[in-house]
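Trainee: Return atomic coordinates for the entry below.
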Amino acid sequence: MPARPLRVAPGRRRRSGGALGGRAPRPGYCGGAVKGGATSGPVAVVDCGTNTTRLLITGGSEPAADRRSEITRLGRGVDATGRLDPSAVERTLECLIQYRRAIDDHNPTAVRFVATSAARDAANRSDFLQPAESILGAAPEVLSGREEAEAAFLGAISELDPAEGPYLVVDIGGGSTELAYGERDCTDALSLDIGSVRLTEKYIHHDPPQPEELAACLSVTELHLDDAVRAIPALGGPCRLVGVAGTITTVAAVELGLATYDRDRVHHFRLSKEAAEDVFRTLATETLADRVHNPGLHPGRADVIVAGVCILVRIMRYFDFEECLVSESDLLDGLALGLLEA
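Mentor: Modelled structure (predicted):
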């Protein structure tokens, strides 16, 4: 579909080209929206995804009081076993202990704790959710794929002009990819069982990946997109692509050549299709030992980034997008807005 100009400042270019768990939250915290009107103080949101565990503490102003992200790989092996690995649970709980300390330092009026794809898929998710609730003092919520997509949409378009839509917000996670469509509000959303960790574990077994492994990731993504268009016909019409989450922000950071990650430079960077393809070719043809040296690529993401970029470039090819507006505002920001505006 033809791209139209976006009313955002272009970034600089480096090169052309329902709650679970039985225990009550600790005093002073509540999960979900604040009742009785908008909260007057900061709020905290914790998101436990397949690959990363993240924290946002904000009062609605920029910069946020505290924003953290740690690669804990909670979803390692879940696609194959249907269960959370004990070592992955332990890593993530250790991260949450640090997050709880940060939360206590800011004394928010509300805390919302969510888990996504890995927890949705794992039969033993209570092995993680119960101790996590004890640590955070907030009842966990396992978001549905649609809820995850809607929250990502709310965060991503919070600084965009609805008149410049409609928008397709794409959130490429470790275990799933969410698509959300709309202008001011999300009118259609769905979750696809493709993500950087899931596809890596399922299809990429050589270093560097072999051509047939890359082809498998691209083909599987295409099949899921076929299903998405059947479910949401509007995806086949004109819209603007907005990309959120670690895979897409990493591609932008690599394209920018950021030796030190700079959220302000990544936020609302216009990633061209040509640049995305260029980063894909570079990362996919390197060994892991070489790949980790790319400026902008977190070493903990290097082993799964190729599969994630397969998803991104296939989406851009499939819908003929010429660029992707990269947004650092995502699921966390959308959930925080929900608390602040409740």
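Trainee: residues in contact with the residue nearest to the spatial centre of the chain?
Mentor: With distances taken as C-alpha atoms, centre = their mean, Ala245 lies nearest the centre of the chain, 3.2 Å away. By C-beta atoms under 8 Å, 6 or more residues apart in numbering, the contact list for Ala245 reads 152, 171-173, 330-331. (Each C-beta comes from the backbone N, C-alpha and C, glycine too.)
Trainee: one more time with 7 Å, if that's ok
Mentor: 171-173, 330 (C-beta atoms under 7 Å, 6 or more residues apart in numbering).
Trainee: And for Glu277?
Mentor: Val313.
Trainee: Next: the one 3 residues further on.
Mentor: Phe280 sits next to 309, 313 when contact means C-beta under 7 Å, 6+ apart.
Trainee: part of a helix, is it?
Mentor: Yes - the assignment for Phe280 by DSSP: H, G, I helix; E, B strand; the rest coil puts it in a helix.
Trainee: Alpha carbons only: can I get stretch 311-327 in PDB?
Mentor: Output in PDB follows, covering the C-alpha atoms of stretch 311-327 (Å, rounded to 0.1, in the frame of the first residue of the first chain):
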ATOM      1  CA  ILE A 311       8.600 -11.400  11.200                       C
ATOM      2  CA  LEU A 312       9.100  -7.600  10.700                       C
ATOM      3  CA  VAL A 313      10.300  -7.800   7.100                       C
ATOM      4  CA  ARG A 314       7.600 -10.300   6.100                       C
ATOM      5  CA  ILE A 315       5.000  -7.900   7.500                       C
ATOM      6  CA  MET A 316       6.500  -5.000   5.500                       C
ATOM      7  CA  ARG A 317       6.700  -7.100   2.300                       C
ATOM      8  CA  TYR A 318       3.200  -8.600   2.800                       C
ATOM      9  CA  PHE A 319       1.400  -5.300   3.200                       C
ATOM     10  CA  ASP A 320       3.800  -3.300   1.000                       C
ATOM     11  CA  PHE A 321       4.800  -0.900   3.700                       C
ATOM     12  CA  GLU A 322       7.500   1.500   2.700                       C
ATOM     13  CA  GLU A 323       8.300   2.500   6.200                       C
ATOM     14  CA  CYS A 324       7.600   1.700   9.900                       C
ATOM     15  CA  LEU A 325       7.200   4.400  12.500                       C
ATOM     16  CA  VAL A 326       9.100   3.000  15.500                       C
ATOM     17  CA  SER A 327       7.500   3.800  18.900                       C
END
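Trainee: tell me the mean pLDDT for that stretch?
Mentor: For stretch 311-327, mean pLDDT rounds to 97.
Trainee: quick one: buried residues of that stretch?
Mentor: 311-319, 321, 323-327 (16 or more other C-beta atoms under 10 Å).
Trainee: Check whether Val254 sits in a helix, strand or coil.
Mentor: Counting by three-state DSSP, the backbone at Val254 sits in helix.
Trainee: Relative to Ala275, how far out is it?
Mentor: 9 Å (C-beta to C-beta, to the nearest Å).
Trainee: same deal with Ile157?
Mentor: 23 Å.
Trainee: neighbour count winner among the two?
Mentor: Ile157 (26 against 23; other C-beta atoms under 10 Å).
Trainee: which one is that one nearest to, not counting chain neighbours?
Mentor: Nearest non-adjacent residue to Ile157, counting by C-beta to C-beta, 6 or more residues apart in numbering: Tyr167, 5.8 Å away.
Trainee: My read is that that neighbour contacts Pro238, right?
Mentor: No - applying C-beta atoms under 7 Å, one finds Tyr167 not in contact with Pro238, separated by 10.9 Å.
Trainee: more crowded one of the two?
Mentor: Tyr167 (23 against 12).
Trainee: Give the next helix or strand downstream of the helix or strand that contains Thr247.
Mentor: Thr247 is part of helix 246-256 when elements are defined by DSSP states H and E. For helix 246-256, the succeeding helix or strand toward the C-terminus, using DSSP H and E, is helix 263-266.
Trainee: partners of the helix or strand just after that following helix in the sheet?
Mentor: Downstream of helix 263-266, the first helix or strand assigned by DSSP H and E is strand 270-272. Strand 270-272 sits in its sheet next to strand 323-326 (antiparallel), going by DSSP bridges.
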